[in-house]
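Undergrad: model this:
(one chain, ligands or ions: 1)
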Amino acid sequence: MKKADSIFTTSVHAGMDRRSHHGAASVPIYNASVFAFEDAAEGAAVHNYEKHGYFYGRLGNPTQEALEKAVAALEHGEDAIALASGMAAISSALMSVIRSGDHLIAPESMYSTSNSLFHYLSDNFGLEISYVNAKNPANYQAAIKDTTRVIWIETPSNPLLNITEIEAVTEFARAQEIITIADNTFATPFNQRPLRLGVDLSIHSATKYLGGHSDLTAGVVAGSSEFIERIRHSTNKYFGGNIAPQVAWLVLRGIKTLALRMRQHNENASFIADSLSSHPKVKEVFYPGLETHSNHEVAKKQMRGFGGMVSFDLGGFEEGKAFMNGLDLISIATSLGGVESIAQHSASMTHAVLSKEERKTAGISEGLIRLSVGIEDKGDIEKDILSALERL
Ligand SMILES: Cc1ncc(COP(=O)(O)O)c(C=O)c1O
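TA: Okay, the predicted model is just below:
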């Protein structure tokens, strides 16, 4: 397919090369872990990467490659690599560029397992980390040292929907040859393209919006050919976090409706954020599309829409739990980005392992609800929320 201008078209067609698949309208699932060669010369050429081809399941497959091409097109990257989960993507990307003794700058509020990975690398492999308030790019800049190798960005962040001004960070990072990596899971390429804003690698938990139907775990990394090749031939190969062809196919199918779904997620979440903002039992609403959001202007500049995630504070632990128990349509669950609405009470679920004090330091208030607003009728979603609030 020639490059399309609209992401509505790219979502449907990217990654498709019908001629390579006998005209099939859907890329076939290649259930092969072994690929044979015509002769020894071809075997040698493919193994030496002198000829494009496949030889072993852990190192690539035509279905996986179609997904990678689709993601590269959506993210406006030269290339992409697909892996078994968002964390496989995150660990493979980070560990392909850091060495022991390097310094990483990361947001103090971010997805908790990425944060745990950084701690693990710091405790066991000599990575030094500085945590900064990522709402202000100057905080990243102030934390830079001679050994700073990577700046980690997550915008909007999980679960507080903090916004980082990507271009401001990449400008000074590039000037000092520091690698920038952005977790683009919450925004998706429909709403934000970090590579266009100067980031080196853009990462997704494809388990979320790219897959879109809460039926798979997968991850992708997009970036320049040079960075992606580095991952392909190091961490992907050694750690073996490759995606299964069946899952790659499911993500590809999900991507075909990405633009359509995201348009609805954006619309529904904006509507719900507005509705929650005027409710007397809601103390605070976190949504980048609200004018009251601390970085609304930055979000407006770098995002096309504000995404499907809304968080809000109900004041206390018991209120948070009671709200969950009052829901009917909306599922009580931990993930996000599927077609169905999902809510979680962070203090009793994902952040229950932390003490109250630790939660406070991480900015997780006791009554914080994280809502993944689905694509159902927005009036029905609102009705469920209002009726759960009424019972508090
Ligand atoms: C922002 C973000 N990044 C990465 C991940 C990890 O993805 P996975 O669960 O697919 O490994 C998640 C999962 O919730 C997430 O929310």
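Undergrad: where does the protein come near the ligand, residue by residue?
TA: By the criterion of Cβ under 6 Å from any ligand atom, the positions of the chain lying close to the ligand are 85-87, 111, 113, 158, 183, 185-186, 205, 207, 217, 219. In this view, the C-beta of every residue, glycine as well, is placed from N, C-alpha and C.
Undergrad: which one of those sits closest to residue 347?
TA: For those, the residue nearest residue 347 by Cβ to Cβ is residue 158; the value is 15.0 Å.
Undergrad: ok now do the residue nearest to that closest one when sequence neighbours are not counted, which residues does it touch?
TA: By the measure of Cβ to Cβ, 6 or more residues apart in numbering, the closest residue to residue 158 outside its immediate chain neighbours is residue 111, 4.3 Å from it. Contacts for residue 111 (Cβ atoms under 8 Å, 6 or more residues apart in numbering) come out as 154, 157, 158, 183, 185.
Undergrad: from what I can see the second one touches residue 112, true?
TA: I take that to be residue 157. No - under the criterion of Cβ atoms under 8 Å, residue 157 makes no contact with residue 112, lying 11.0 Å away.
Undergrad: More neighbours: those two, which one.
TA: Per other Cβ atoms under 10 Å, whichever of residue 157 and residue 112 has more neighbours is residue 157, with 24 against 17.
Undergrad: where's the more buried one, which helix or strand?
TA: Following DSSP states H and E, one finds residue 157 outside all helices and strands.
Undergrad: tell me which residues of the one helix or strand in the chain whose mean pLDDT sits lowest are tucked away?
TA: The helix or strand of the chain with the lowest confidence, counting by mean pLDDT, DSSP states H and E, is helix 356-361 at a mean of 85. Of the residues in helix 356-361, those buried by neighbour count under the rule 16 or more other Cβ atoms under 10 Å are residue 359.
Undergrad: Which of the contacts of residue 111 sits closest to residue 387?
TA: For residue 387, the closest of these turns out to be residue 158, at 26.8 Å, with distances computed as Cβ to Cβ.
Undergrad: Do I have it right that the closest one meets residue 185?
TA: Yes - Residue 158 is in contact with residue 185 according to Cβ under 8 Å; the separation is 7.5 Å.
Undergrad: Neighbour count for the two, which is higher?
TA: Regarding residue 158 and residue 185, a neighbour count based on other Cβ under 10 Å identifies residue 185 as having more, with 28 against 24.
Undergrad: By proximity to the ligand, which residue of this structure wins?
TA: residue 86 (2.2 Å; Cβ to the nearest ligand atom).
Undergrad: any idea how far that residue is from residue 63?
TA: 19 Å (Cβ to Cβ, to the nearest Å).
Undergrad: So what sits opposite the residue lying closest to the residue of the chain closest to the ligand once chain neighbours are set aside in the bridge?
TA: Nearest non-adjacent residue to residue 86, counting by Cβ to Cβ, 6+ apart: residue 205, 2.6 Å away. In this structure, residue 205 bridges to residue 219 when assessed by DSSP bridges.
Undergrad: Could you tell me how many residues sit around residue 205?
TA: Neighbourhood size, residue 205 [other Cβ under 10 Å]: 29.
Undergrad: which residues in the stretch 101-250 of the chain form strands?
TA: Counting by DSSP state E, counting those that start in this stretch, residue ranges of the strands within the stretch 101-250 of the chain are 103-107, 128-132, 148-154, 179-183, 201-205, 219-223.
Undergrad: okay if I get the ones you listed as CSV plus distance to residue 142 and mean pLDDT?
TA: Listed next are these as CSV, based on distance: least, Cβ to Cβ, whole Å; pLDDT from 0 to 100:
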stretch, distance to residue 142, mean pLDDT
strand 103-107, 10, 97
strand 128-132, 8, 97
strand 148-154, 11, 98
strand 179-183, 16, 98
strand 201-205, 23, 98
strand 219-223, 26, 98
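Undergrad: Any idea which of those gets closest to residue 378?
TA: strand 201-205 (24.7 Å).
Undergrad: got the buried residues for the closest one?
TA: Judged by neighbour count (16+ other Cβ under 10 Å), strand 201-205 contains these buried residues: 201, 202, 203, 204, 205.
Undergrad: same thing with stretch 294-311?
TA: The neighbour-count criterion (16+ other Cβ under 10 Å) identifies 295-296, 298-299, 302-311 as the buried residues of stretch 294-311.
Undergrad: before we move on, what about stretch 108-127?
TA: Here stretch 108-127 shows 108, 109, 110, 111, 112, 113, 114, 115, 117, 118, 121, 127 as buried, counting by 16+ other Cβ under 10 Å.
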